[in-house]
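[1] model this:
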Amino acid sequence: MGIPHATTTSDIYNGYFIPKGVVVIANTWAMTHDAQKYPNPDEFKPERFLHEDGSLTSDTMPLGFGWGRRICVGQHLAEAALWIAITSFLATFSIQKILDEHGEEIPVVPKFSTGLIIHPETFPCRIVPRFKDASVERLTQLTGLDPFESVT
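    Next up is the predicted model:
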């Protein structure tokens, strides 16, 4: 659910009368789970945002930044910074499933928290450098990450 807001004037929306001063909470969960736009909306399917040739679609979900006259002014900076961080990480490292004692991959079972703010639970994985001859110093330089910091 979104952040509660109060109406400043009475309004009629889609035939519904909304009186002045009433608390309105936008259902952002429903906005991001539109089964007509995204078949099987509860499934993790990042490929739904890719064209056949692998390029990104123009479909975005800026709901985390709000909307209307109070939309976050830092949205574009945040998106650009996040894009740079993710692409730099993925260009340098590969995220792989952990291996069991026989060297077989252990499948990842997606688990999510419950409550007001839902997020993926932690899961075991291996973060492997994409370049076999990369030193810790070189990877630190490429990514700007400190390899000795705890990451959660």
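[2] what packs against the worst-scoring helix or strand of the chain on mean pLDDT?
    Within the chain, confidence by mean pLDDT, DSSP states H and E is lowest for helix 136-143 among all helices and strands, at a mean of 73. Contacts defined by 3 or more C-beta pairs under 8 Å, 6 or more residues apart in numbering; DSSP states H and E place helix 136-143 against helix 75-92. For every residue, glycine as well, the C-beta is placed using N, CA and C.
[3] The helix it packs on versus helix 136-143: what angle between them?
    Using axes from the mean of the first three to the mean of the last three C-alpha atoms, to 10 degrees, the inter-axis angle of helix 75-92 relative to helix 136-143 is 150 degrees.
[4] Adjacent strands (with direction) for the next helix or strand after helix 75-92?
    Once helix 75-92 ends, the next helix or strand along the chain (criterion: DSSP states H and E) is strand 93-96. Paired with strand 93-96 in the same sheet, following DSSP bridges, are strand 126-129 (antiparallel).
[5] State the mean pLDDT of the strand it pairs with.
    With pLDDT averaged residue by residue, strand 126-129 scores 89.
[6] Could you give me the buried positions within that strand?
    Of the residues in strand 126-129, none is buried under the neighbour-count criterion (16 or more other C-beta atoms under 10 Å).
[7] then that strand to CSV, C-alphas only?
    Taking C-alpha atoms only, strand 126-129 is exported to CSV below (Å, rounded to 0.1, in the frame of the first residue of the first chain):
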residue,chain,number,x,y,z
ARG,A,126,28.3,-17.5,-5.0
ILE,A,127,29.6,-14.2,-6.3
VAL,A,128,32.4,-15.2,-8.8
PRO,A,129,34.7,-12.8,-10.7
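[8] Could you list the residues in contact with it?
    Counting contacts by C-beta atoms under 8 Å, 6 or more residues apart in numbering, the residues outside strand 126-129 that touch it are 92-99, 139.
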